[in-house]
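**Student:** Below is the sequence, then the predicted model.
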Amino acid sequence: MLRDTRLIFVRDMKLALRSPTWLLIGIMQPLLYLFLFGPLMVSVVDHTPGFPPGGAWEVLTPALIVQTALFSGSFAGVALLTEYRVGVVDRFRGTPASRAALLFGKVLAQAVQATAQSVLIVLVTLLVFDLDASLTGLLLSLAIAAVLAIALSSASYALAMVLKSEAAFPALMNAVLLPLLLLSGVLLPVSEQLAPGWLYNLARINPLTHVVDAERAAFRGDMSATGLLTGSLVLLVMAVLALMWGTRTFRKENA
């Protein structure tokens, strides 16, 4: 299975490197938020209660890393549906390759791509804006983004294999991701000081809220933060469940 996973991983990475434009397009939205929304937060964070500790860039940058991993992983199933339509998936079915490896190789490729995009966002913020982050915090935040990409891409691939519709899949993902993204506090933290009670309680049910809290805590190097432990545990549970669902679906659909 390890050999098959490596082969699928190398194949998907080669396909991604042949079209690096798509990797750059994937970070255009986060970069626009940095340049057009970030300066507004500079004058807001220090004077508004309810924001996490740290400056504006230490609050916004890790949230944009989560957003990048979120969209990169969640829409991974679109490429799988294209391969399904042109017959690539059927060709894989005719090989002795491990069905779980077909998923693991693709998921690892998505994690590497999301991490590379996150590194570019961090570099731009370091070079252009007044970002203050420790090396340990940066590495841990990138690890969280990679695990998030693994969890979401696993679920995305599984859902794509269930739907098998290039029209229905993006529409469903957009309908699900928008409320999850808004409730996660990526742009504005959904804290008790800023949000009404019902909205705050709704946000705490959202697992992405805890992942964003963990990412911000890791980014500023606060290893003792409760949010870091809670978010990490939530993320690990998400990853395990998504991988189990993805593996089961791939074995069933590619039997």
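**Tutor:** Thanks, I have the structure now.
**Student:** those helices in the stretch 151-255 of the chain, which residues are they?
**Tutor:** Here the stretch 151-255 of the chain has its helices, by DSSP state H, counting those that start in this stretch, at 168-183, 197-205, 207-219, 226-253.
**Student:** Out of those, flag the one nearest Phe51.
**Tutor:** Across the helices of the stretch 151-255 of the chain, Phe51 has its closest neighbour in helix 207-219 (10.0 Å, Cβ to Cβ). Heads up, the C-betas are built off the backbone N, CA and C, glycines and all.
**Student:** Return the distance of that closest one from the chain's centre.
**Tutor:** Relative to its chain's centre, helix 207-219 lies at 12 Å (Cα atoms, centre = their mean, to the nearest Å).
**Student:** residues in contact with that helix?
**Tutor:** Residues from elsewhere that reach helix 207-219 (Cβ atoms under 8 Å, 6 or more residues apart in numbering): 52, 54, 58-59, 61-63, 65-66, 70, 133, 137-138, 140-141, 144-145, 148, 180-181, 183-186, 190, 203, 223, 225, 227-232, 234-235, 238.
**Student:** What's the mean pLDDT across it?
**Tutor:** When pLDDT is averaged over helix 207-219, the result is 91.
**Student:** Just the buried positions in that helix, please.
**Tutor:** Using 16 or more other Cβ atoms under 10 Å as the test for burial, helix 207-219 gives 207-219.
**Student:** Same check on stretch 218-233?
**Tutor:** Buried, per 16+ other Cβ under 10 Å, within stretch 218-233: Ala218, Phe219, Arg220, Gly221, Asp222, Ala225, Gly227, Leu228, Thr230, Gly231, Ser232.
**Student:** Would you point out which residue is most central in this structure?
**Tutor:** Taking Cα atoms, centre = their mean, the centroid of the chain lies closest to Ala69, which sits 2.2 Å from it.
**Student:** helices and strands around the helix or strand containing it, which ones?
**Tutor:** Using DSSP states H and E, Ala69 sits within helix 56-74. For helix 56-74, the packing partners by 3 or more Cβ pairs under 8 Å, 6 or more residues apart in numbering; DSSP states H and E come out as helix 20-26, helix 28-32, helix 38-45, helix 99-128, helix 135-163, helix 168-183, helix 207-219.
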